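1. Predicted coordinates and the sequence they were generated for:
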Amino acid sequence: MATFTPRTRFLSHLYRPRLHHRIYQVRNVPPIHRSQHTHTHAPPEPIRLKLPPTLSLFIAASGLIYYAATLHISPQPKNLNPQTFTAYTLTSKTPVATSPPSHTAIFSLRPEHPPGQQLPFTEGILSVQVKQPQLQIARSYTPLPSNPGEEKDGTLRFLVKLEPGGEVTRYLFSLGLQDKVFLRGPMVEYTFPPVGEVDKTLFIAGGTGVAPALQLAANSLTPETEIFWAVRSRAETEGAMAEEVEDLVRKTGGKVSVKVFVDAEGGIGIQDVERGMEGGKVAVVVSGPEGFIKRVAGEKTWREGREEQGKLGGVVRKVLEKRGGEVRVFKL
């Protein structure tokens, strides 16, 4: 049987995450009564004041002018925060690959005002909501690691894939440079384990789910991070994304390794995951489309309007049933 216990902590000044990571273990063994008083009395006659017609007209006109002047005015927050949306400017939109034309791009957004404080990337994996203003809906995206100089000016970069039915992704791809984008957050999706609690993190990512994997690899204090990146075609790993991965591996001095798995070439198998889970106390994090997460570690569930981790399943469970042991598993 699989047993689990919550092990997540949150930042008090940020949104609480929707999910809680768990530790899975699989072993190879089988009314007050009050008195009421009723008073009746005749109400006093109301006092009515009669204003001169000119004064009444002046007051009414003043109210209409004030209402009209303030109808479309609302104070805009200067800094990113979890309660209200803050204006950013689209400064670049870089396709991941140019041949064939890519439906995935890296969007760079710079705040209109210098940030008052840095985002707490060292605390955990952060996500930020992007608003689609016409439909008044928002979706969460995970920023990529910052380039040199971006931390000071507050620039955030997102890996976005154009989805035919995705209202927010279609909106983002329709924007031009210098257009405004409104963001809210951050939210802590996954809190990094304390130093010494985990020897290795195995991050299994599908498609654009590699963005939180890179953010974790750039900021986590875990001694070793191995990323399994599953894609439909190798074109998704070329161009701008190839540069992202190479820069991260170089900056982390060998603490991070990335292995690409292409669906057409077999994808991620049980033996790959089994090998990746070796190395002492291991934390497994899974990110990507719902079907991908279900295949790797079992599907997430909903209870009383809240998304939960659900039972452990998929390839990770098969590995544990085969060899036994204990592993932390978190599904983004």
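-> Looks like it arrived, so ask away.

2. any idea which helix or strand carries Lys294?
-> Here Lys294 sits within helix 290-297, counting by DSSP states H and E.

3. Report all helices and strands that the lengthiest strand in the chain contacts.
-> Assignment by DSSP state E gives strand 180-191 as the longest strand of the chain. If contacts are counted by 3 or more Cβ pairs under 8 Å, 6 or more residues apart in numbering; DSSP states H and E, strand 180-191 sits against strand 86-95, strand 124-132, strand 137-141, helix 210-219. Using the backbone N, CA and C atoms, a C-beta is placed for each residue, glycine as well.

4. then that strand to PDB, C-alphas only?
-> Presented in PDB, the C-alpha positions along strand 180-191 are these (Å, rounded to 0.1, in the frame of the first residue of the first chain):
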ATOM      1  CA  LYS A 180       0.400  45.800 -22.200                       C
ATOM      2  CA  VAL A 181       0.000  42.600 -20.300                       C
ATOM      3  CA  PHE A 182      -1.500  42.400 -16.800                       C
ATOM      4  CA  LEU A 183       0.000  39.900 -14.300                       C
ATOM      5  CA  ARG A 184      -0.900  38.900 -10.700                       C
ATOM      6  CA  GLY A 185       1.100  36.900  -8.200                       C
ATOM      7  CA  PRO A 186       3.300  35.200  -7.400                       C
ATOM      8  CA  MET A 187       1.900  31.900  -6.000                       C
ATOM      9  CA  VAL A 188       4.200  29.200  -4.500                       C
ATOM     10  CA  GLU A 189       3.300  26.000  -6.300                       C
ATOM     11  CA  TYR A 190       6.100  23.900  -4.700                       C
ATOM     12  CA  THR A 191       8.300  24.600  -1.700                       C
END
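
5. quick one: buried residues of it?
-> With burial defined by 16 or more other Cβ atoms under 10 Å, the residues of strand 180-191 counted as buried are 181-191.

6. which stretch among the helices and strands packed on strand 180-191 comes nearest Leu162?
-> strand 86-95 (10.5 Å; Cβ to Cβ).

7. Outside of the closest one itself, list whatever touches it.
-> For strand 86-95, the surrounding residues in contact (Cβ atoms under 8 Å, 6 or more residues apart in numbering) are 76-80, 101-102, 104-112, 155-156, 173, 175-184, 239-240.

8. Arg295: what's it in contact with?
-> Arg295 is in contact with 314-315, counting by Cβ under 8 Å, 6+ apart.

9. show me the contacts for the spatially most central residue of the chain.
-> When the chain is reduced to its mean C-alpha position, the nearest residue by Cα atoms, centre = their mean turns out to be Ser127, at 2.7 Å. With contact set as Cβ under 8 Å, 6+ apart, Ser127 has these partners: 140-143, 185-187, 189, 212.

10. if I look at it, how far off is Gly185?
-> Computed as Cβ to Cβ, to the nearest Å, the Ser127 to Gly185 distance reads 6 Å.
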